[in-house]
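Asker: A structural model of the following input is requested.
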Amino acid sequence: MYPPLNKSDFMEKNFEQVLCLMKYGVNGEITVNGKTFVQPMPGVQSLTDLEIAEIATYIYNSWEHQRGIVDVSAASKVLSNCKRE
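Answerer: Numbers count the residues shown, from 1 in each chain. Just a heads-up that it's a prediction; the model follows:
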């Protein structure tokens, strides 16, 4: 029903978009590992930049991901440039 987080080519190639999706969601198609998903995924606009950085740090260091800490200043910069649907 929803795209996977583990072994996700979308996550690996679209870090900035993943952060934006957490806050603002997505209503259109998203393709992960060659499979198209069209289930709306609402964002949580009440999340702070720090919370987004913490969530990103968790998901990008879980399963087989090993990105390291996502700094809140980097998350803030990304979030300030998000295109909202």
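Asker: all strands for the protein, in order.
Answerer: Ranges of strands in the chain, per DSSP state E, are 30-32, 35-37.
Asker: Report the mean per-residue pLDDT for the first one.
Answerer: Confidence for strand 30-32, expressed as mean pLDDT, is 93.
Asker: Mind listing residues that contact it?
Answerer: P3, P4, S8, D9, F10, T36, F37, V38, M41 (CB atoms under 8 Å, 6 or more residues apart in numbering). Backbone N, C-alpha and C define where each C-beta goes, glycine included.
Asker: Looks like the fourth one contacts N33 (just checking).
Answerer: Pointing back at D9 there. Yes. Between D9 and N33 there is a contact at 5.4 Å, judged by CB atoms under 8 Å.
Asker: for the closest residue to A56 other than its chain neighbours, what are its contacts?
Answerer: Once flanking residues are discounted, A56 sits nearest to V70: 4.1 Å by CB to CB, 6 or more residues apart in numbering. Contacts of V70 were listed using CB under 8 Å, 6+ apart, and they are A53, E54, A56, T57, Y60.
Asker: got a markdown table for the strands of the chain, with mean neighbour count and distance to L21 too?
Answerer: Shown next, in a markdown table, are those (neighbours: other CB atoms under 10 Å; distance: least, CB to CB, whole Å):
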| stretch | mean neighbour count | distance to L21 |
| --- | --- | --- |
| strand 30-32 | 15 | 8 |
| strand 35-37 | 12 | 12 |
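Asker: what about the protein, any weak spots by pLDDT?
Answerer: Counting by pLDDT under 70, the chain shows low-confidence ranges at 85.
Asker: What's the separation between the residue nearest the centre of it and V78?
Answerer: The residue lying closest to the centre of the chain (CA atoms, centre = their mean) is V18, at 2.1 Å. Distance, V18 to V78, by CB to CB, to the nearest Å: 9 Å.
Asker: Report the separation between G68 and D9.
Answerer: 19 Å.
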